[in-house]
Structure formats: C-alpha cells, structure tokens
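# Generate coordinates for the sequence data below:
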Amino acid sequence: MRDDRAGAATSQLTLSILPKALAVRQALCDAFGQPPLSMLDDDLRGTAELVLAELLNNIVEHGRCRPDDPIRLTIRHSLRGVFCTLRDGGMPLPDVRPPPGRFPEKDASGYPAEGGYGWYLIRALAENLTYTRTPGENHLTFELKSKQSVPSGA
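Numbering: from 1, shown residues only. Down below sits the predicted model:
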C-alpha cells in the first residue's frame, strides 16, 4: 500500500509502507527517484539511504506491527537537507526511548561485533532525533543535513 504525494512546490513526499521487507525495499527505491530525495547531493543521499533503510528495517524486524498497519513516512525539504517523520503502530521502543547507539564492543575473541551498529549509525548521522509514544503509535522525527546547500525546487 503506497500513497505518494510529491511536488516541486512543496518538496514533500509521503509514503505508506506495509511492514514487510520487500515493501520497504520497493518504497525506498521509488522514493529516491522523487523530490525531495532526488534533489540531494551524493553525500546526503547516501546518508539518507542508510538512515532510512536502517530505521524502516528495524520497524519491520523488531516493531511487531500488524501486517496490514502501514508505516507512514513523510520527508520534506528543509533549508539544508531533509526533515523526516516516521509513524508506526508497532510496540514502543524499549524504555520508551531510542537506544543510546553506542559503538558495539568487541566479542570475546577481540574482533568487532557482527551486528548492533544500527542505532550507532542513526545517532551519528541524524540530527535533532526525537521519539514520542502516543497511544498505539510511535513517532520518530529527525533531520539529515547537507554540508552544501540543497537546491530549492526540482
């Protein structure tokens, strides 16, 4: 299930994504071909791909959403990048807050851990991250900012 509304005037994209891995993959592929994501410089585009994929996949893998209850993603152009809002009907985050995002410790053999980098990367790359829980719904907002100006209009 998908509901796209994109326009050069508003530079906003709204997606409704079923909480399934293939639906997330397809939505991200489609989203990066439209404003405001199509307007990003290469560095910010890579950052956006990583952060959005990590967050959406976390919701699918850990959120325990109902299969017919879509994840709602809104992305809008900001002065230096994009502002993103994610809403889902899954379980609240542990302790009703995003994980601290510490760099994973080495395993017993001294090698870096194989997993656990998601929230570390999200917190390192996203700015102004906020999470709130309302009855039955998670709300996560964040900004992804470019080191260069993002063109207005597309």
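# which residues of the protein score low on pLDDT?
In the predicted model, the chain carries pLDDT under 70 at residues 1-10, 112-115, 148-154.
# any chance you could map the strands in it?
If DSSP state E is used as the criterion, the strands of the chain fall at 12-17, 71-78, 81-88, 127-134, 137-145.
# Show me which positions of the second one end up buried.
Buried residues in strand 71-78, counting neighbours by 16 or more other C-beta atoms under 10 Å, are found at 71-73, 75, 77-78. In short, each C-beta sits where N, CA and C put it, glycine included.
# Nearest to the spatial middle of the chain, which residue is it?
L52 (2.9 Å; C-alpha atoms, centre = their mean).
# number of nearby residues for the nearest residue to that residue once chain neighbours are set aside?
The spatial neighbour of L52 that comes closest, neighbours along the chain excluded (C-beta to C-beta, 6 or more residues apart in numbering), is L28 at 6.2 Å. Neighbourhood size, L28 [other C-beta atoms under 10 Å]: 19.
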